[in-house]
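Asker: Got a predicted model here, sequence first, then my questions.
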Amino acid sequence: AQSVTQPDIHITVSEGASLELRCNYSYGATPYLFWYVQSPGQGLQLLLKYFSGDTLVQGIKGFEAEFKRSQSSFNLRKPSVHWSDAAEYFCAVGAKGSSNTGKLIFGQGTTLQVKP
Amino acid sequence: DGGITQSPKYLFRKEGQNVTLSCEQNLNHDAMYWYRQDPGQGLRLIYYSQIVNDFQKGDIAEGYSVSREKKESFPLTVTSAQKNPTAFYLCASSIDGSNQPQHFGDGTRLSIL
């Protein structure tokens, strides 16, 4: 079955420290891969996406993610965290093809807390 | 600035009542989506539309209806047939070839009176 796992439910880092949020997926082929961020009571904002090509993807707000096919992973990284990065982060995968339109599979989310 | 506007931000429904959630976008995107988010869960697809006057059911369409009369607008009606409507509803859009949501509105929180 297709699934997405975010192993860390909560992560706390100090401001200025580096960050890595893990995402592993189970899928028959290489899917589309996404990272979204959600602040309380707000909608989701797309941080970055991977469709094909270069496996290191740059996103907004200084985030990047690396697709590793051998590990079925798409981990999100940021070299220096800011207090405004505190939010919930979702990894999601989507299958290619029109029959899979909109049918993203989401991980459970990782809540990031930033200590001053 | 371009974006997706959802209204109202909070909505209350009485038993047996239909309510309509508004979603408007000025991004000129062809595809629009409606999702439901429940606590501790990811998003579940209710309906999507890839072109005006056409829409398709998602994974949890029962008790919901939509229309797409204009490219900019994709309203969602939560009918009285939806027995558990309390949730956070998100509208999204996309234009690239992935057929997956790229831009989201700020959501509508629906509660039962």
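Answerer: Structure received. Numbering: from 1, shown residues only, chains lettered A, B, ... in the order given.
Asker: Secondary structure element holding the nearest residue to A:Leu21 once chain neighbours are set aside?
Answerer: Spatial nearest neighbour of A:Leu21, excluding adjacent residues (CB to CB, 6 or more residues apart in numbering or on different chains): A:Leu76 at 4.3 Å. (Each C-beta comes from the backbone N, C-alpha and C, glycine too.) Using DSSP states H and E, A:Leu76 sits within strand A:73-78.
Asker: Just list whatever residues bridge to the residue nearest to A:Leu21.
Answerer: Listed beta-bridge partners, A:Leu76: A:Leu21, A:Ala65 (assigned using DSSP bridges).
Asker: What about it, how many residues nearby?
Answerer: 24 (other CB atoms under 10 Å in any protein chain shown).
Asker: residue contacts, it?
Answerer: A:19-21, A:23, A:35, A:47-48, A:63-65, A:89, A:91 (CB atoms under 8 Å, 6 or more residues apart in numbering or on different chains).
Asker: Out of those residues, which is nearest to chain B?
Answerer: A:Cys91 (9.6 Å; CB to the nearest CB).
Asker: Can you tell me the strand partners of the one helix or strand the closest one maps to and which way each runs?
Answerer: Per DSSP H and E: A:Cys91 is located in strand A:87-94. Partner strands for strand A:87-94, per DSSP bridges, with pairing direction: strand A:32-38 (antiparallel), strand A:105-106 (antiparallel), strand A:110-115 (antiparallel).
Asker: deepest of these, which one?
Answerer: Mean neighbour count (mean count of other CB atoms under 10 Å in any protein chain shown) peaks for strand A:32-38 among the strands paired with strand A:87-94, with a mean of 23.
Asker: Is the next helix or strand after it in proximity to chain B?
Answerer: With elements assigned by DSSP H and E, the helix or strand that comes after strand A:32-38 is strand A:44-50. Yes - with CB under 8 Å from any CB of the partner chain as the criterion, chain B is reached by strand A:44-50 at A:44-46, A:49.
Asker: does the helix or strand just after strand A:44-50 come close to chain B?
Answerer: Using DSSP H and E, the helix or strand that directly follows strand A:44-50 along the chain is strand A:56-58. No - residues of strand A:56-58 are not located near chain B by CB under 8 Å from any CB, the shortest gap being 13.5 Å.
Asker: Off-centre distance for strand A:56-58?
Answerer: 12 Å (CA atoms, centre = their mean, to the nearest Å).
Asker: again, but for stretch B:33-44
Answerer: Centroid displacement of stretch B:33-44 relative to its chain, using CA atoms, centre = their mean, is 10 Å.
Asker: and B:Gln37, how many residues sit next to it?
Answerer: B:Gln37, neighbours per other CB under 10 Å, totals 20.
Asker: now A:Asn75
Answerer: A:Asn75, neighbours per other CB under 10 Å, totals 17.
Asker: Nearest spatial neighbour of it, chain-adjacent residues omitted?
Answerer: Closest to A:Asn75 by CB to CB, 6+ apart is A:Arg22, at 5.2 Å.
Asker: Report the contact partners of the one you found.
Answerer: Here A:Arg22 is in contact with A:6-8, A:73, A:75, A:110 (CB under 8 Å, 6+ apart).
Asker: If we only consider those residues, which is nearest to chain B?
Answerer: A:Gln6 (10.0 Å).
Asker: Let me know whether B:Glu24 touches B:Met32 as I believe.
Answerer: No - assessed by CB atoms under 8 Å, B:Glu24 is found out of contact with B:Met32, at 10.0 Å.
Asker: These two: which has the busier surroundings?
Answerer: Taking other CB under 10 Å, B:Glu24 and B:Met32 do not tie; B:Met32 has more neighbours (29 against 17).
Asker: With that, I have no additional questions.
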